[in-house]
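A.B. asks: missing the sequence, but the structure's below:
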């Protein structure tokens, strides 16, 4: 028995002193090394003795326990004491050398354990040891390294690692660039462009190395790359590469991609950067292979190496797509504004969005940008519409499903509904009257019918089922996918209000104003616009506009016939001046502005003569003259000059009265012309500006027969309303007339049915009144406001949710 104990003790001593450093066992001196084969034979013999006593099962557990104790008590404190010296080191080369020294020391202390670990793994595979369970001994040892050494790292250590890899990344990228250019990697200093693109590296005086930023004669790029390779080899040997370097490498890549993107891409929308960055990423992958893969073709072609490189390639590409998409999302308002010149940027963003989950980020960012930069009173309605059109084009390119457009631009649509001139600006753009209206005019020329979203078309009605693409998850399920995708710009603009009638009525008003007020209109252009609008909105909707153009053509023919008859008369029977009339079919024209004006007798006589001639041409018809509308061409002959002017009838009537009397007061003229004094005073401004009349004293006007050379010119402000005065009734007047028509029907309904709810009144008005383009639709909220006003005026009674007429009105 004592012999057995001695044999077992000798075997354990042999095995333990061979597997772990003697210092870890508390031995004063290391055991003399034996020859290799003899040592292996001796270890096998010792292991056989332990197997005889069934003690071989504790070898691995003992090894792990000794390693853990040595790590905690000796190796880890020694390593971190070495790292702590970094705080007193300012020079970057010294810090890099210190970092390498610390990890070299760590490798030296752990190398005996790693050699023993390989031996124990061989014995386990050979069946000489039992193993330690589901996790291999190697996995346990490497996990212990990470847990004890780097469970909680200091901030200075993290900065040290990040600085080291950041510098070697820059050196590697500069070397690649210099090698590509065919120059020595550290031969030349940084160019001005490089200093501007990388201000940190361009700091300092004198010529600096493009890689390490040191002075040219002190360049340490080769030493840095050699240290880089040595450190990676050490970390790879200790299986600590991912634990120590991965976070720093990730941070560096993220920062470098952001820096490069800011330098290359920010504000540049006319070029695609995807291919350029793909080439740059390949350079980055080359650096990553230097970090995480062993040297040599065999090592780099192994399945494990390929998997590691593939994983990091995915990381880098994902970083790029996410950062690039975030930058373009921030700039999306400007990209939309510059479209289609910015189409490459839109295509790049689309490519990135398909690979990242950033749609919600885009929607919230774009909504915020639109509300902050566009949707406020300081922006003209025309500018809002122009940007909305650009948004339709750009976002359709970005998202063919149109869901982003539908969600992000809903605030624009809501805001445009609050602007009083939205419809007029859109119609002016369609007809080419608005500044910069080329987009809308081009869209109109496509002649596609307007589609609104209130149809019942199914998404199943697709000619090619294979072309069907599902909507994104953030699409509104209540709206038709096919209509959303097929809507053109004009349909989207019309759908802001959900009705074509508003636009037809606005075009009628705009057309009527141009025909009556702008006498130099182009008939061919207007006919073309009407024909295009017929294709868009339907022939029935545009019938009234066709009648208006026909009236203009008929008027020209009637005027020509009457003029021919006048030329056949003797000289003494001809009228004193030529009169040309525009004859309107009043039922088909928008309401005209009503103003009183009493014309001079000679003008009225000419009108009566014209009417009689018209009645001969058109039996059973007569003319109802609008005295205040039209254009008068006249020559004002004064003592020393003659003025040839084209003015409105009221201006002509004013100056004609000065033929009989050279001085008039405002009150006298007002009584003769039947024009209010305030309005008349504004009209007098034209003749003051032309130097025909002067006002002395105030309210009294006198003809200036001879121009006074020494008279100081007076600046007379002309009311802007006089310059662009419209022949049409104002929108408020038209609305009041339409509401009055509704009121007539409402009175009739309540007289017959006694009481009706708001919804019932609205449905009956839609059925019987809101037909044809001469009547604008009224929504239920507007109708409710109109009825409440009638209640306040005591013309209606509201009780129990129904309206009824007062007894004295029924």
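C.D. replies: Sure thing, it's come through. These numbers come from a predicted model, not from an experiment. Numbering: from 1, shown residues only.
A.B. asks: In the stretch 151-300 of the chain, where is pLDDT below threshold?
C.D. replies: 176-206, 208-218, 220, 295-300 (pLDDT under 70).
A.B. asks: again, only using 90
C.D. replies: Along the stretch 151-300 of the chain, the parts satisfying pLDDT under 90 run over 151-230, 232, 236-246, 263-264, 267, 276-300.
A.B. asks: Next: the stretch 301-450 of the chain.
C.D. replies: In the stretch 301-450 of the chain, residues with pLDDT under 90: 301-313, 315, 340, 355-357, 375-379, 382, 400-403, 406, 417-450.
A.B. asks: 50 instead?
C.D. replies: Counting by pLDDT under 50, not a single residue of the stretch 301-450 of the chain qualifies.
A.B. asks: what's the average pLDDT for stretch 785-804?
C.D. replies: Stretch 785-804 carries an average pLDDT of 88.
A.B. asks: Give the buried residues for it.
C.D. replies: 787, 790, 796, 797, 802, 803, 804 (16 or more other Cβ atoms under 10 Å). For glycine as for every other residue, the C-beta is placed from the backbone atoms N, C-alpha and C.
A.B. asks: What of stretch 384-395?
C.D. replies: For stretch 384-395, by 16+ other Cβ under 10 Å, it's 384, 385, 386, 387, 388, 389, 390, 391, 392, 393, 394, 395.
A.B. asks: What lies in contact with it?
C.D. replies: 335-337, 339-340, 342-343, 346, 374-375, 402, 404-405, 408-409, 412-413, 415-416, 419, 422, 425-426, 429, 436, 439-440, 489, 492-493 (Cβ atoms under 8 Å, 6 or more residues apart in numbering).
A.B. asks: quick one: which of these sit in helices?
C.D. replies: 335-337, 343, 346, 404-405, 408, 412-413, 415-416, 422, 425-426, 429, 439-440, 489, 492-493 (DSSP state H).
A.B. asks: about what we covered before: which of the contacts of stretch 384-395 count as buried?
C.D. replies: By 16+ other Cβ under 10 Å, the contacts of stretch 384-395 give 335-337, 339, 342-343, 346, 374-375, 402, 404-405, 408-409, 412-413, 415-416, 419, 422, 425-426, 429, 439-440, 489, 492-493 as buried.
A.B. asks: in the stretch 651-800 of the chain, which spans are strands?
C.D. replies: Under the criterion DSSP state E, counting those that start in this stretch, the stretch 651-800 of the chain contains strands at 663-665, 693-695, 700-703, 755-757, 797-799.
A.B. asks: Report the mean confidence score over the longest one.
C.D. replies: This predicted structure assigns strand 700-703 an average pLDDT of 91.
A.B. asks: Could you list every helix and strand in contact with that strand?
C.D. replies: strand 663-665, helix 666-673, strand 693-695 (3 or more Cβ pairs under 8 Å, 6 or more residues apart in numbering; DSSP states H and E).
A.B. asks: Residue 761: which of those is closest?
C.D. replies: Closest to residue 761 of the helices and strands packed on strand 700-703, according to Cβ to Cβ: helix 666-673, at 44.4 Å.
A.B. asks: how far out from the middle of the chain is that closest one?
C.D. replies: Remark: helix 666-673 is offset 59 Å from the chain centroid, using Cα atoms, centre = their mean, to the nearest Å.
A.B. asks: Same check on stretch 328-342?
C.D. replies: 6 Å.
A.B. asks: Endpoint to endpoint, that stretch covers what distance?
C.D. replies: 11 Å (Cα to Cα, to the nearest Å).
A.B. asks: Please work out which residues outside that stretch touch it.
C.D. replies: Contacts for stretch 328-342 (Cβ under 8 Å, 6+ apart): 266-267, 269-270, 345-346, 348-349, 352, 358, 361-362, 365-366, 369-370, 373-374, 387, 390-391, 393-395, 397.
A.B. asks: Tell me how far residue 506 lies from residue 533.
C.D. replies: In this view, residue 506 and residue 533 are 11 Å apart by Cβ to Cβ, to the nearest Å.
A.B. asks: And for residue 136?
C.D. replies: 80 Å.
A.B. asks: The two: who's more crowded?
C.D. replies: residue 533 (26 against 14; other Cβ atoms under 10 Å).
A.B. asks: Now do the contacts for that one.
C.D. replies: 430, 444, 504, 507, 541, 542, 545.
A.B. asks: buried sites along stretch 108-117?
C.D. replies: 109, 110, 112, 113, 114, 116, 117.
A.B. asks: re the thing from before, CSV for the helices and strands packed on strand 700-703, including mean pLDDT, mean neighbour count and distance to residue 70?
C.D. replies: Below are these laid out as CSV (pLDDT from 0 to 100; neighbours: other Cβ atoms under 10 Å; distance: least, Cβ to Cβ, whole Å):
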stretch, mean pLDDT, mean neighbour count, distance to residue 70
strand 663-665, 91, 15, 118
helix 666-673, 91, 16, 113
strand 693-695, 88, 18, 111
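A.B. asks: will you turn these into TSV that also has distance to residue 284?
C.D. replies: As requested, the helices and strands packed on strand 700-703 are exported to TSV (distance: least, Cβ to Cβ, whole Å):
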stretch	distance to residue 284
strand 663-665	89
helix 666-673	84
strand 693-695	82
